[in-house]
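>>> Show me the folded form of this:
(chains A and B)
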Amino acid sequence: MTMTTDRPVRVRFAPSPTGPLHIGGVRTALYNYLLARQLGGKMLLRIEDTDQNRFVPGAEEYILEALAWCGIVIDEGQGVGGPHAPYRQSERKPLYRQYANQLIAAGHAYYAFDTPEELDAMRLRLQAAKVASPQYNAITRAQMRNSLTLPDTEVQALLAADTPYVVRLKVPRKEEIRFHDLIRGWVVVHSSAVDDKVLMKSDGMPTYHLANIVDDHLMEISHVIRGEEWLPSAPLHVLLYRYLGWESTMPQFAHLPLLLKPDGTGKLSKRDGDRLGFPVFPLEWRGTDAETGEPTLSRGFREDGYLPDALINFLAFLGWNPGTAQEIFSMDELIAAFSMERVSKSPAKFDQGKVKWYNEHYLRARPDAELAPYLLAALAAHGLSCTPEKAVQIVGVMKERVSFPQDFWQEAKYFFQAPDSYDEAVMAKKWTPAVAAALAEYGDLIADYSRDAGGEAFPPAEDLKGFLTTVVEQHEMKIGQTLQALRVAVTGAAAGPDLFETLAILGPVEVNARLKAAAQGRS
RNA sequence: GGUCCGUUCGUCUAGGGGUUAGGACAGUAGAUUUUCAUUCUACCAACAGGGGUUCGAUUCCCCUACGGACUACCA
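The predicted model follows:
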């Protein structure tokens, strides 16, 4: 088998625009991209839209946007251009015919005139006869209406009469087909298990199999990295390369393990996301239900608050690992560390908990200034605003305690709105008359301090703590007795970031006002 | 049904003929934080089963079981 290792590395991601890009597709694109970058090769994007019936408007744009959001950069192909344009197979339609003809001329393909009804009948007949694998193949084609069984004159007449036909590959009856897979090693399949696949459909469009091989060859693809669902048809593709005379430049294959549902078994599907409450698409998708025609909304990782770095890091580890203890990888680090040899053979279940963990990690690692816009946006949506500086401060103290950027608003609400209710369990226990008195004095003290500075002073957290210590000592109490009550009176909640940091952000005047409001409500 | 692929803690996985079978997530416990979260520490937890080969197999081979993909004029 030929291993064309010395030619330029060119990989491709070749999705069908039949809907939003699935998260498994994103991983396939990612592995392609990592390999291309690592080896200094090119990453192509080709749109495989040979099925006119399944075309979904907007899907192609979605794919482009999703890849861009993930940081997967396309070097050549749809949306970018390049020397092999067009990169949309529907626009390459005229190109495929000659290869089908070449195959027919060489005796490796033939015309088949069977109607769908005849094909159904054939399958029914074979099933009834308990044939192991009912298919159009070396044996059954002898009973069908094709250019192998019909006299030449009749074939010509049918063709001349524009009778609908397909072109099928003439798969040899007894032959062992071997090919090497980068992940699985040698795979051997007997040709009797491969059927005479349709290469050209009656509408004149090639099927996936023909178009894929022709384009991969023309576009000089060096590695075909795709999902495991393609493994069964790989022997067919090998045959195609051989019969087309391209075996010496046949790409290397790598069939990636599937992504499974988190519960139970089976391939991760669109429905699992809705069922289990997590996205399976990178971006939100507005589609229509295939059966009811109702508009549907599928959530996306982006809209759910996942950071692209986190998603990518997580996805990279679903089926691959560096063999070291390192778990956190930037895209550049992934590029450097990736290797197809370390991709596992077995499928992986999608782990919701782990993505969340990655997201929390990346959220905390992100500079406050980059997180602040999320808070600012939520504020604007609620008709509120604050200075960018304050937003930076708030996300700074909050990011340790949230999983997603959208949580900032929920968690930080009390920085913008005085509490309208208080944690009663804590208040009942901690808001004693003595504590109330001390806190009232504390509020006045810091407010006065601030007023002396023109109402503008925002003392640092340690000063605020110092004031409280002083007041509390005068009341012959311990500071610990007052802390919980102070927090709840000011924020309404029993838990939150460092109390004095919180007070520092709020400012003395506001703190005092809230303290008084809380006291009033309880007197 | 047939063909092909797969099978290590609940999950993602490392490892590999002789190991206390390692890490991460989750879970549990503790420490820190006079809060919660973070962080840190500890604990819990696995080689699908049966045959070989071998001094020795979780590792290599075979079988079984289980799981998955494919089996369209869809990709």
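
>>> List the residues that contact A:V395.
A:368, A:371-372, A:374-375, A:408, A:412 (C-beta atoms under 8 Å, 6 or more residues apart in numbering). For glycine as for every other residue, the C-beta is placed from the backbone atoms N, C-alpha and C.

>>> Relative to A:E389, how far out is it?
As judged by C-beta to C-beta, to the nearest Å, A:V395 and A:E389 stand 11 Å apart.

>>> count of neighbours near A:V187?
As a burial measure, A:V187 scores 17 neighbours (other C-beta atoms under 10 Å).

>>> The strand or helix carrying it pairs with which strands, and in what direction?
Counting by DSSP states H and E, the element that carries A:V187 is strand A:185-190. Here strand A:185-190 has these sheet partners by DSSP bridges: strand A:176-181 (antiparallel).

>>> what about the residue of the stretch 401-523 of chain A found nearest RNA strand B, neighbour count?
Using C-beta to the nearest atom of the strand, the closest approach of the stretch 401-523 of chain A to RNA strand B is made by A:G480 at 1.8 Å. Around A:G480 there are 8 other residues, counting by other C-beta under 10 Å.

>>> how about it, phi and psi?
The phi and psi torsions at A:G480 (degrees, to the nearest 10) take the values phi -60, psi -30.

>>> so what pLDDT did it get?
Looking at A:G480, its pLDDT is 89.

>>> again, but for the one 3 residues further on
Predicted confidence (pLDDT) for A:L483: 94.

>>> Which residues are in contact with the nearest residue to it once chain neighbours are set aside?
Nearest residue to A:L483, sequence neighbours excluded (C-beta to C-beta, 6 or more residues apart in numbering): A:L499, at 6.1 Å. By C-beta under 8 Å, 6+ apart, the residues touching A:L499 are A:483, A:486-487.

>>> Now narrow the contacts of A:V395 to whatever sits close to RNA strand B.
By C-beta under 7 Å from any atom of the strand, no member of these lies near RNA strand B.

>>> so can I have a markdown table of the residues you listed showing neighbour count?
Formatted as a markdown table, these follow (neighbours: other C-beta atoms under 10 Å):
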| residue | neighbour count |
| --- | --- |
| A:D368 | 16 |
| A:L371 | 23 |
| A:A372 | 22 |
| A:Y374 | 20 |
| A:L375 | 26 |
| A:F408 | 26 |
| A:A412 | 25 |
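
>>> Mind checking what secondary structure A:G40 has?
coil (DSSP: H, G, I helix; E, B strand; the rest coil).

>>> quick one, phi/psi of it?
Dihedral angles of A:G40 (phi, psi; degrees, to the nearest 10) stand at phi 70, psi 30.

>>> what number of residues lie near the nearest residue to it once chain neighbours are set aside?
Excluding its sequence neighbours, the residue lying closest to A:G40 (C-beta to C-beta, 6+ apart) is A:V9, at 6.9 Å. Number of residues near A:V9 (other C-beta under 10 Å) recorded here: 18.

>>> list the buried ones in the strand holding A:V187?
A:187, A:189 (16 or more other C-beta atoms under 10 Å).

>>> distance between that strand and the chain's centre?
When C-alpha coordinates are averaged (C-alpha atoms, centre = their mean, to the nearest Å), strand A:185-190 and its chain have centres 31 Å apart.

>>> continuing past that strand, what's the next helix or strand?
strand A:198-200.

>>> Now do that next one, average pLDDT.
On average, strand A:198-200 scores 97.

>>> Can it be said to contact RNA strand B?
Yes: counting by C-beta under 7 Å from any atom of the strand, RNA strand B has neighbours in strand A:198-200: A:V198.

>>> Only the buried residues of the following helix or strand past that strand, if you could.
Once strand A:198-200 ends, the next helix or strand along the chain (criterion: DSSP H and E) is helix A:208-218. For helix A:208-218, burial by neighbour count (16+ other C-beta under 10 Å) applies to A:208-217.

>>> Regarding chain A, what is its longest helix?
In chain A, ranked by residue count with DSSP state H as the criterion, the top helix is helix A:433-452.

>>> by contact count, what packs against that one?
Packed against helix A:433-452 by the contact rule (3 or more C-beta pairs under 8 Å, 6 or more residues apart in numbering; DSSP states H and E) you find helix A:461-474, helix A:480-491, helix A:508-522.

>>> Are the very next helix or strand once past the second one and RNA strand B in contact anywhere?
Okay, so that is helix A:480-491. The helix or strand immediately downstream of helix A:480-491 is helix A:499-506, counting by DSSP H and E. Yes: using C-beta under 7 Å from any atom of the strand, helix A:499-506 reaches RNA strand B at A:L499.

>>> try stretch A:233-243
Yes: counting by C-beta under 7 Å from any atom of the strand, RNA strand B is contacted by stretch A:233-243 at A:S233.

>>> Please state the offset of the worst-scoring helix or strand of chain A on mean pLDDT from the chain centre?
In chain A, no helix or strand scores lower on mean pLDDT, DSSP states H and E than helix A:270-276, which sits at a mean of 80. On the basis of C-alpha atoms, centre = their mean, helix A:270-276 sits 14 Å off its chain's mean C-alpha point.

>>> Check which helices and strands the helix or strand containing A:Q98 sits against.
Using DSSP H and E, A:Q98 sits within helix A:93-105. For helix A:93-105, the packing partners by 3+ C-beta pairs under 8 Å, 6+ apart come out as strand A:109-112, strand A:166-169, strand A:198-200, helix A:208-218.

>>> Please report how far the residue nearest to A:G40 lies from A:I225.
11 Å.

>>> Please enumerate the shared neighbours of these two.
A:L35.

>>> What parts of the stretch 401-523 of chain A come near RNA strand B?
Contacts of the stretch 401-523 of chain A with RNA strand B, taken as C-beta under 7 Å from any atom of the strand, map to A:401, A:478-481, A:483-484, A:487, A:494-499.
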